[in-house]
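**Student:** dropping a prediction and its sequence here:
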Amino acid sequence: MQWFWPRDDSKYYTTITKSIPLHYYLGLSAVLFAIGVAGVLTRRNAIVVFMCIELMLNSVNLTFVAFASFMGDISGHVLVFFVMAVAAAEATVGLAIVIALFRNRQTVNIDEINILKW
Amino acid sequence: MSAIFLIGNFFTIAFLYLILQAQLLAVLQIVVYTGAIMVLVVFVIMLLNLGDEKKLTERFDIKKVLGVILVFGFLLEMLYLFGISEETRVYAGLNPKAVAVGTVESMGKAMFSTYLFPFEITGLLLLASIVGAVVLAKRRL
């Protein structure tokens, strides 16, 4: 917005020298990812499985943003934007599938949805 | 209850984005993830009207325990790799450019110049997902 008024943002913030180190962010995202995977493998409710998938996507987003902020690159933020858009699209279709499934089988227990099993 | 806690988790991650000086992504996280996706999940939970999960035969399933053990091993391996790697020691503090990188302005500049093609394709993808969701959830085609 340089055409709006001459702005000099650097007097509103100071440069950052100390922050939470990078490996803490990576460790947190690894733990969140592992919790998401454990939830997907363990729980039987289809909606809870879907929420654990969203948790995994969020942990990956956190990794991208941490690296982008520590390297000063914009690519991480842009990729997180696209991952969020794809997650929204997948949420819509996934929940529509769950609703259609519930309408036919009256259950969202994934152990009982086994028509394709031999 | 899991949905409420997941909303709290998304708020926490949004605050972490704010600590990392990613302002646009923090707001987008709250608006898109918490405000749209979790609202959709809560609506589906309300519409399905499930009631309490029946815990009558909660057998001690050995497969679940084995799965959790394997996931724990995977977590230990990831933590080891993140501790060993070079980048976590090279990048000691936040880059001084990080504040300028996280603003709406710089993401807009990057999105419309370098990443224009994925941006348009994402619009197409969202259209396809909306049409698909409407068709899947209709009672009578």
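**Tutor:** Yes, it's here.
**Student:** any chance you could list what contacts the host helix or strand of B:K109?
**Tutor:** B:K109 belongs to helix B:104-113 when assigned by DSSP states H and E. Applying Cβ atoms under 8 Å, 6 or more residues apart in numbering or on different chains, the contact partners of helix B:104-113 are A:M1, A:I74, A:S75, A:H77, A:V78, A:F81, B:Q23, B:L24, B:A100, B:F119. Any C-beta I mention is one placed from the backbone N, CA and C, and that applies to glycine too.
**Student:** repeat the analysis, applying 10 Å as the threshold.
**Tutor:** Residues from elsewhere that reach helix B:104-113 (Cβ atoms under 10 Å, 6 or more residues apart in numbering or on different chains): A:1-2, A:7, A:9, A:73-75, A:77-78, A:80-82, B:22-25, B:27-28, B:97, B:99-101, B:103, B:115-116, B:118-119.
**Student:** relative to A:F67, how far out is the closest residue to A:C52 other than its chain neighbours?
**Tutor:** Distances taken as Cβ to Cβ, 6 or more residues apart in numbering or on different chains place A:G39 nearest to A:C52, at 3.4 Å, with adjacent residues excluded. A:G39 is 25 Å from A:F67, where distance means Cβ to Cβ, to the nearest Å.
**Student:** B:V68 now?
**Tutor:** From B:V68 over to A:F67 (counting by Cβ to Cβ), the distance is 29 Å.
**Student:** right, and B:V32 touches A:A85 too?
**Tutor:** Yes. Using Cβ atoms under 10 Å, B:V32 makes contact with A:A85 at a distance of 7.9 Å.
**Student:** centroid residue for chain A?
**Tutor:** By Cα atoms, centre = their mean, chain A has its centre lying nearest to A:N58, at 2.2 Å.
**Student:** and residue 94, what does it touch?
**Tutor:** By default, I'm working from chain A. Applying Cβ under 10 Å, 6+ apart, the residues near A:G94 are A:46-47, A:49-50, A:53-54, A:87, B:37, B:40-41, B:44, B:129, B:133, B:136.
**Student:** the intended chain is chain B.
**Tutor:** A:15-22, A:66, A:69-72, B:19-21.
**Student:** flag the shaky bits of the chain, pLDDT-wise.
**Tutor:** No chain in the question, so chain A it is. A:1-17, A:118 (pLDDT under 70).
**Student:** can you look at chain B instead?
**Tutor:** Counting by pLDDT under 70, chain B contains low-confidence residues at B:51-60, B:86-92, B:141.
**Student:** report the longest helix in it, please.
**Tutor:** For chain B, the helix with the greatest residue count under DSSP state H is helix B:62-84.
**Student:** again with chain A
**Tutor:** helix A:75-105.
**Student:** go through that helix and flag the buried ones.
**Tutor:** By 16 or more other Cβ atoms under 10 Å in any protein chain shown, the buried positions in helix A:75-105 come out as A:76-82, A:84-85, A:87-99, A:101-102.
**Student:** just checking, what packs against the helix or strand where B:T122 lies?
**Tutor:** Per DSSP H and E, B:T122 falls inside helix B:116-136. In terms of contacts (3 or more Cβ pairs under 10 Å, 6 or more residues apart in numbering or on different chains; DSSP states H and E), helix B:116-136 is packed against helix A:75-105, helix B:104-113.
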